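sharing a model that was predicted from the sequence below.
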Amino acid sequence: MLDRADLRNRVQVALRTFLRHQRGRLAEIEQTALSPVADAVESLVLSGGKRLRPAFAYWGYRGAGGQDSDEVVGTVAALELVQASALIHDDVMDGSATRRGEPAVHRRFAGLHAASGWRGDAGAFGTAAAILLGDLCLVWSDELLHRGGLDPQTLARARPVFDEMRSEVTLGQYLDVQTQATGDTSTGRASLVARFKSAKYTIEQPLLLGAAIANAPASLVKAYSAFGLPLGEAFQLRDDILGVFGDPAVTGKPAGDDLREGKRTYLVAAALETAGPAGRGLIERCLGDPRLDARGVAALREMIVDSGALARTEERIEELTAAALHALDGVEVEPEAAEVLAGLAAFATRREG
C-alpha cells in the first residue's frame, strides 16, 4: 500500500533533491565544518523510514478528490523532516545509542569529536550538535513545504495545519519527559502523551494537511480526524510493544530499550495496574535503569505478559483500529484512496518494526 502511486520513490526523490540543494548551501558557508551536518541529515532522512506521514497526507489529499501531482508529493515530503527533527531530539532526551541500526545523531557527533581530538567533552558536543541538527530539520521542513510547488492560496490553507502539528509534537515531547520525571504511570496519562507525541502528528494531522491542500469539505475533515486520532494512538501502542518485545534486527533499536529509558507507556501503565506487589516492585526497581541487562529485560517482559498488560494493549489496538475504520463509513472518499487508507491502517498497527 505504501508503494501505490510510486509514492515512496517519489518522496525519496523529493527529499534527495532538497537535501542536495541544502548541502550546496552549507558548503558555501564552510564545507569542511558543515559537511558532517549534511552527511548526518542525509543518512537519517534518506536511509530508512516507513514514509507513513507523507503517505497519509497524500492519500488524504487524493481521498478528497485531489489529482496526483509532483508538487503535492514534494510538499508532503516535508513531513519527513519534521519526523527527523523529532527523532533526533527524542534520542537525545532518551539517551538512545542507536537509530535505524546506526549511531544516533548525538552519538555520531560525539564520535566525530573524539576522533578529531577536539577540546572539551565529546558527549556534550554530541548533545549540542544533535539539538542544533534537530532544530535545523524543523527549519528545513518549513522551507520544503514552501518549495514544493503549490500555489500561495493552497499553501495558505495548509499552513495552519502544518503549524499546529509541529507545535503539538513538540508539546507532546515535553509531556513525555515531564511524565518520566514525575513518575506518573496512569494509563490516562500514557494515552495523553501518546496522542500528542505521536498519534496526532503521525496520522491525524498529515490527513488534515492533505485535506487542506485538496480544500476538502468539512464533513470529510471531521471524518479524517475521527479516523486518524484513534489510528494514531493504535500506531503508538504498537510502537510501545515493539519497544519492549521487538526484534532489534527489524526495529533498529536494542532489545528492551524503552525499558532502560524508563518510558511510561500504556503497556507499562497497564502492567502496574494489574500486577501484584512483586511485579510492581520489579518495575519500580528496573524501569529506567540504563544498566538493565538481558536478564532484567527478560524478567520485565515476562511480568508484562503474566500481568495481562500485553494482551490488554493488543485488545486496545484492535478497538482503536476498528473505531478508526468505522469513522470512514458513509463518508464520500475517493475509492482508490479509501482502499489505500485501509491498507495503511493495517500496516501501521500490525507492523514488526
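Arrived safely, thanks for sending.

test my guess that residue 133 contacts residue 38.
No: in this structure residue 133 lies outside contact range of residue 38 using Cβ atoms under 8 Å: 10.1 Å. C-betas here are computed from N, CA, C, even on glycine.

which of those two has more neighbours?
A count of neighbours by other Cβ atoms under 10 Å puts residue 133 above the other of residue 133 and residue 38, at 24 against 18.

before we move on, which element is the residue lying closest to residue 279 once chain neighbours are set aside in?
Distances taken as Cβ to Cβ, 6 or more residues apart in numbering put residue 303 closest to residue 279, at 4.6 Å, once the chain neighbours are dropped. Taking DSSP states H and E as the criterion, residue 303 maps to helix 294-306.

and the next helix or strand past that helix?
As assigned by DSSP H and E, the chain's next helix or strand after helix 294-306 is helix 309-327.

packing partners for that next one?
The contact analysis (3 or more Cβ pairs under 8 Å, 6 or more residues apart in numbering; DSSP states H and E) places helix 309-327 against helix 218-245, helix 266-274, helix 335-350.

avg pLDDT for that helix?
Regarding helix 309-327, the rounded mean pLDDT is 95.

mind listing what's buried in that helix?
Neighbour counts over helix 309-327 (16 or more other Cβ atoms under 10 Å) mark 309, 310, 312, 313, 316, 317, 320, 321, 323, 324, 325, 327 as buried.

below-threshold pLDDT in the stretch 201-350 of the chain: ranges please.
For the stretch 201-350 of the chain, no stretch is flagged by pLDDT under 70.

one more time with 90, if that's ok
243, 246-258, 261-264, 284, 288, 290, 330, 350 (pLDDT under 90).

show the model's pLDDT score for the closest residue to residue 5 other than its chain neighbours.
Sequence neighbours aside, residue 68 is the residue nearest to residue 5 in space, at 6.2 Å (criterion: Cβ to Cβ, 6+ apart). For residue 68, the model assigns a pLDDT of 97.

backbone phi and psi for residue 68, please?
Main-chain torsions, residue 68, degrees, to the nearest 10: phi -60, psi 140.

check contacts around residue 311.
Residues in contact with residue 311, defined by Cβ atoms under 8 Å, 6 or more residues apart in numbering, are residue 305.

do you know how far it is from residue 324?
21 Å (Cβ to Cβ, to the nearest Å).
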